[in-house]
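1. Structure for the following, please:
(one chain, ligands or ions: 1)
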Amino acid sequence: MPNQVTIRHLRQLKAAGTPIVCVTAYDQLTATLAERAEVDLVLVGDSLGNVVQGKPTTLPVTMAEMVYHTEIVARLTQRALVVADLPFGSYGGDPSVAFENAVALMKAGAQAVKLEGPYTELIQSLVAAGIPVMGHLGFTPQSVHAFGGFRVQGRGEDGDRIAGEAMALQEAGVFAVVLELMPATVAGEITKKLDIPTIGIGAGVGCDGQIQVIHDALGLADFKPKHAKTFVSGLELLADGLKGYSQEVRARTFPTDEHSS
Ligand code: KIV
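-> Predicted coordinates for the structure are as follows:
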């Protein structure tokens with residue numbers, strides 16, 4: 001059964017000018033939070049390499065890890081459309097390997113896969129095989145070393161390149177495209193030209209929707225990128241709660257009879 005929010009529903013939101021709310025999720029806690037907040041799209045992002053595994057880039061994330069996290073999030077998500085990232089090295093080479101990997105994510109429960117960059121031929125073949133694909137352009141984290149760091153893309157004439165890639169992805173059949181770290185003017189122009197929804201991260205308010213890494217939005221990560229906004233100081237709140245537990249154990253005020261058998 002498809003979840004409540006479908007790809008068709010996302011297109012209707014774009015047509016109605018209603019912003020599309022997207023967030024990442026990786027496990028039971030984050031999937032439950034995303035459902036309670038009634039977001040439209042949940043991305044099982046390879047950003048789990050950063051915020052779950054504590055690694056500096058997404059490059060080490062494996063297919064087995066993506067399948068593991070996708071299965072958990074998909075099983076616990078009934079409302080939002082669940083999209084899973086194809087990790088670095090799982091789709092750039094042999095198309096039959098890319099196909100097998102996309103199928104593995106769909107079998108784990110994803111309703112669509114996301115891949116970074118202008119891989120139009122591959123996208124066409126996945127879409128033809130019934131696998132919905134989300135694109136990702138601008139700063140694509142799996143290419144961090146090729147970019148020479150976490151750098152804004154699409155400044156000056158480079159904006160035309162990204163706009164051309166976005167159009168090519170639409171023609172190849174993606175149902176939506178993430179636009180990451182690019183001037184708001186560039187993302188806004190792309191959004192006007194495309195029929196499919198654009199989902200921005202560090203790309204301004206002119207996109208059809210926004211996505212944030214859930215740890216950034218909830219203040220659960222030590223490092224906060226410039227494009228992220230902290231909507232609650234999660235780390236401080238939770239650490240205070242745990243300090244309360246620790247103090248009560250040391251003071252022997254926990255457990256009481258109420259918590260004993
Ligand atoms: O992996 C991820 O979380 C992403 C988002 C930042 C778009 O790709």
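
2. Leaving out sequence neighbours, find the closest residue to residue 175.
-> In space, not counting the residues next to it along the chain, residue 175 is nearest to residue 7; the distance is 4.6 Å by Cβ to Cβ, 6 or more residues apart in numbering. (Each C-beta comes from the backbone N, C-alpha and C, glycine too.)

3. For this protein, which residues are neighbours of the ligand?
-> By the rule Cβ under 6 Å from any ligand atom, the part of the chain lying against the ligand is 24, 43, 45, 46, 47, 85, 178, 201, 211, 213.

4. before we move on, the earlier item: doesn't residue 81 make contact with the residue nearest to residue 175?
-> Yes: here residue 7 lies in contact with residue 81, judged by Cβ atoms under 8 Å, at a distance of 6.8 Å.

5. any idea which element the residue nearest to the spatial centre of the chain lies in?
-> The centre of the chain sits closest to residue 43, judged by Cα atoms, centre = their mean, with a distance of 3.8 Å. Element membership for residue 43, per DSSP states H and E: strand 41-44.

6. got JSON lines for the residues of the chain next to the ligand, with secondary structure and pLDDT too?
-> Shown next, in JSON lines, are the residues of the chain next to the ligand (DSSP: H, G, I helix; E, B strand; the rest coil; pLDDT from 0 to 100):
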{"residue": "24", "secondary structure": "strand", "pLDDT": "98"}
{"residue": "43", "secondary structure": "strand", "pLDDT": "99"}
{"residue": "45", "secondary structure": "coil", "pLDDT": "98"}
{"residue": "46", "secondary structure": "coil", "pLDDT": "98"}
{"residue": "47", "secondary structure": "coil", "pLDDT": "98"}
{"residue": "85", "secondary structure": "strand", "pLDDT": "98"}
{"residue": "178", "secondary structure": "strand", "pLDDT": "98"}
{"residue": "201", "secondary structure": "strand", "pLDDT": "98"}
{"residue": "211", "secondary structure": "strand", "pLDDT": "98"}
{"residue": "213", "secondary structure": "coil", "pLDDT": "98"}
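
7. Which of those residues has the largest number of neighbours?
-> With neighbours taken as other Cβ atoms under 10 Å, the top of the residues of the chain next to the ligand is residue 43, carrying 31 neighbours.

8. for stretch 218-227, the distance to its chain's centre please.
-> Relative to the centre of its chain, stretch 218-227 is centred 15 Å away, using Cα atoms, centre = their mean, to the nearest Å.

9. list the buried ones in that stretch?
-> Going by neighbour count (16 or more other Cβ atoms under 10 Å), the buried part of stretch 218-227 is 218, 219, 220, 221, 227.

10. roughly how far apart are the residue in the stretch 1-150 of the chain that the ligand sits nearest to and residue 141?
-> Evaluated by Cβ to the nearest ligand atom, the stretch 1-150 of the chain has residue 45 as its residue closest to the ligand, separated by 2.4 Å. The spacing between residue 45 and residue 141, counted by Cβ to Cβ, to the nearest Å, is 9 Å.

11. Okay then, goodbye and thanks.
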